[in-house]
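*Asks:* What shape does this take:
(one chain, ligands or ions: 1)
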Amino acid sequence: MRKATAVAHPNIAFVKFWGKVDEALNLPANPSLSMNLAALTTVTTVEYRPGYRKDAVTIDHQPVSGPAWDRIVAHLDRVRALAGIDDRARVVSVNNFPVGTGLASSASGFAALSLAAVRAAGLEMSEAALSRLARQGSGSACRSVPGGFTLWEGDTDETSWARQVAPPEHWDLRDVVAVVEHRPKAVSSSTGHRLARTSPFYAARLAWVPELLSAAMEGIQRRDLARLGEAAEADALALHGVMMTSRPSLLYWQPATVQVMQAVRAWREEGLSVYFTIDAGPNVHCLCLAGAAGEVETRLRNLSGVQSVVVSGPGDGVRLTDQHLF
Ligand code: PMV
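*Replies:* Predicted coordinates for the structure are as follows:
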């Protein structure tokens, strides 16, 4: 096979990855736990052709160049080395959501690229091996390889990959994303990971992670939203504390970010069970049960700072499709 197409979803982490112990290998300073987002998809087609002089990449109909192209070529090189081929590739990728807003397009992007590039090269890989490969492209991409709820652990290149802790059908949780800004974020997560250790709070958060992780795992296993939500909210605040106290300081929040956080807490006081988490961007992910998602969405849309709302349930892992993009 010379051509293959894969579909992947981004993921939202309940306990997040922030800081690397090995930047070249994308080895995280702490384990992380997430859910794939069914409503958001990346579709990527890869084709190797002997005639090509250079890898040609387009994302959302725009030709890719510069550092983004270098990163994709480095990933294709990993696959070419494994397959023992030298052919250049054409890569076409399409997202159904805005890139660079903190909706984690690099996670779905590198998960889909990994599977499409591997299969187009004629390789077969276990889920673990594919997750490990995706991790080398973008850390959190390893969590988009298995389906549903996934845990990324492991300290070495060989052992650092994500596995499923519960399938999508296990729990009809919803991530109702309040998009407060559509523009790409000002500081990439790669830069953020590098700065993390400059925060005096970095070690404190890492020391807290095991407790937060076991609470979040228990929340998922028992389908206990309060247990999961409290841990996720606490971890997001600890993470943003690290970001804000890094040198230089990172402040991803906008006024509307705080507006949503305050509203979520007020709604909870009123008895609506909803919790927030925030990635390296200004958008707020609101976690609730499927039955409350309509109400949460309506309330979010009524907040002045919210530009759009995306509702997503738990998504599958990366998979092949025969709907090639070219
Ligand atoms: O995988 P990266 O390098 O894009 O980092 C992801 C960072 C966060 O989204 C903030 C946290 C996470 O675990 O997804």
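*Asks:* can you give me the strands for the stretch 151-300 of the chain?
*Replies:* For the stretch 151-300 of the chain, the strands defined by DSSP state E, counting those that start in this stretch cover 161-166, 173-179, 275-277, 284-289.
*Asks:* Among these, which comes closest to residue 105?
*Replies:* Closest approach to residue 105 among the strands of the stretch 151-300 of the chain (CB to CB): strand 173-179, 13.1 Å. Every C-beta, even on glycine, is put in place using the N, C-alpha and C of the backbone.
*Asks:* mind listing the strands in the stretch 1-150 of the chain by residue range?
*Replies:* Secondary structure of the stretch 1-150 of the chain, counting by DSSP E, counting those that start in this stretch: strands at 3-8, 11-15, 20-22, 27-28, 32-36, 42-49, 56-59, 62-63, 88-95, 149-153.
*Asks:* outside of the second one, which residues touch it?
*Replies:* Right, strand 11-15. Outside strand 11-15, the residues that touch it by CB atoms under 8 Å, 6 or more residues apart in numbering are 30-37, 104, 107-108, 140, 143-144, 150, 175, 209, 212-213, 216, 219-220, 228, 231-232, 235, 277, 279, 285, 287, 315.
*Asks:* Out of the strands of the stretch 151-300 of the chain, which gets nearest to the ligand?
*Replies:* Nearest to the ligand, of all the strands of the stretch 151-300 of the chain, is strand 275-277, at 9.3 Å by CB to the nearest ligand atom.
*Asks:* strand partners of that closest one, parallel vs antiparallel please.
*Replies:* Strands that pair with strand 275-277, judged by DSSP bridges, come out as strand 284-289 (antiparallel).
*Asks:* what comes up buried for the partner strand?
*Replies:* Across strand 284-289, burial judged by 16 or more other CB atoms under 10 Å covers 284-288.
*Asks:* gap between it and the chain center?
*Replies:* Between the centre of strand 284-289 and the centre of its chain there are 15 Å (CA atoms, centre = their mean, to the nearest Å).
*Asks:* relative to strand 32-36, how tilted is that strand?
*Replies:* Counting by axes from the mean of the first three to the mean of the last three CA atoms, to 10 degrees, strand 284-289 lies at 80 degrees to strand 32-36.
*Asks:* Now strand 284-289: average pLDDT?
*Replies:* Here strand 284-289 scores 98 as its mean pLDDT.
*Asks:* Does residue 39 touch residue 309 like I think?
*Replies:* No - at 10.9 Å, residue 39 does not count as touching residue 309 under the criterion of CB atoms under 8 Å.
*Asks:* Kindly report the residues of the stretch 101-250 of the chain close to the ligand.
*Replies:* 104, 106, 138-140, 189-190, 193 (CB under 6 Å from any ligand atom).
*Asks:* In JSON lines, list those residues along with pLDDT and neighbour count.
*Replies:* Formatted as JSON lines, these follow (pLDDT from 0 to 100; neighbours: other CB atoms under 10 Å):
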{"residue": "104", "pLDDT": "64", "neighbour count": "29"}
{"residue": "106", "pLDDT": "90", "neighbour count": "23"}
{"residue": "138", "pLDDT": "95", "neighbour count": "24"}
{"residue": "139", "pLDDT": "97", "neighbour count": "25"}
{"residue": "140", "pLDDT": "97", "neighbour count": "28"}
{"residue": "189", "pLDDT": "89", "neighbour count": "20"}
{"residue": "190", "pLDDT": "90", "neighbour count": "16"}
{"residue": "193", "pLDDT": "96", "neighbour count": "19"}
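*Asks:* Next, format the strands of the stretch 1-150 of the chain as TSV and append mean pLDDT and mean neighbour count.
*Replies:* As requested, these are exported to TSV (pLDDT from 0 to 100; neighbours: other CB under 10 Å):
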stretch	mean pLDDT	mean neighbour count
strand 3-8	98	23
strand 11-15	98	29
strand 20-22	97	15
strand 27-28	98	20
strand 32-36	98	28
strand 42-49	97	24
strand 56-59	96	18
strand 62-63	96	9
strand 88-95	97	21
strand 149-153	98	23
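*Asks:* Before I go, just wanted to say thanks for your time.
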